[in-house]
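J.: Model the following, please.
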Amino acid sequence: MATVYATGKRKTAIAKVWLTPGNGGIIVNGKSLDEWLGGHETLKMKVRLPLEATKQLEAVTVKATTLGGGYSAQADALKHGISKALVEYEPAFRAILKPMGLLTRDSRVVERKKYGKKKARRSPQFSKR
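T.: Residues are numbered from 1 along each chain as shown. You can find the predicted model right below:
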């Protein structure tokens, strides 16, 4: 099987993912997953979730580039990208990943600030005088 490419997105973060048959390493922005996320164990688990669900953790190598957003949004974008790449790699994985909601893009983004308001919906404090 050749290299498979997929793009994952979340908020303003984008993850470009290349999946190849290999030894099970995850390289993000030229660093290993542990180096890239440091002590964020929950985010590491989130990134590995699609690979664990399809039992491909030791069978494929993931090389990814992330940009935009913060660590959490980038980790979610990476999870989405890995899921999409796995389905392209092996179409049978769709039946496993789809019910888990891993193929759906989380489209929630920050609501814009409106004029006359302090934030998106927060009004200035009311004073009777």
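J.: what residue ranges in this protein score low on pLDDT?
T.: 1 (pLDDT under 70).
J.: Could you pull out the helices in it for me?
T.: Using DSSP state H, the helices assigned to the chain run over residues 33-37, 41-53, 71-89, 94-97.
J.: between these, which gets nearest to P21?
T.: Set against P21 and scored by CB to CB, those come closest in helix 71-89, at 8.6 Å. C-beta coordinates here come from the backbone N, C-alpha and C atoms, glycine included.
J.: name the helices or strands packed onto the closest one?
T.: Here helix 71-89 is seen to pack against strand 4-10, strand 13-21, helix 41-53, strand 60-67, helix 94-97 when contacts are counted using 3 or more CB pairs under 8 Å, 6 or more residues apart in numbering; DSSP states H and E.
J.: Now with 10 Å, please.
T.: Where contact means 3 or more CB pairs under 10 Å, 6 or more residues apart in numbering; DSSP states H and E, helix 71-89 is packed against strand 4-10, strand 13-21, strand 26-28, helix 33-37, helix 41-53, strand 60-67, helix 94-97.
J.: So which of the helices of the chain is the most surrounded?
T.: A comparison of the helices of the chain by mean neighbour count, using mean count of other CB atoms under 10 Å, puts helix 71-89 on top with a mean of 24.
J.: what's the spacing between that helix and its chain's center?
T.: For helix 71-89, the separation from the chain centroid amounts to 4 Å (computed by CA atoms, centre = their mean, to the nearest Å).
J.: so it versus strand 13-21, what angle?
T.: Here helix 71-89 points in a direction 40 degrees away from that of strand 13-21 (axes from the mean of the first three to the mean of the last three CA atoms, to 10 degrees).
J.: Give me the angle between helix 71-89 and helix 41-53.
T.: 10 degrees.
J.: on that earlier part again, make TSV out of the helices and strands packed on helix 71-89 and add distance to K128.
T.: Shown next, in TSV, are the helices and strands packed on helix 71-89 (distance: least, CB to CB, whole Å):
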stretch	distance to K128
strand 4-10	44
strand 13-21	45
strand 26-28	55
helix 33-37	51
helix 41-53	47
strand 60-67	49
helix 94-97	56
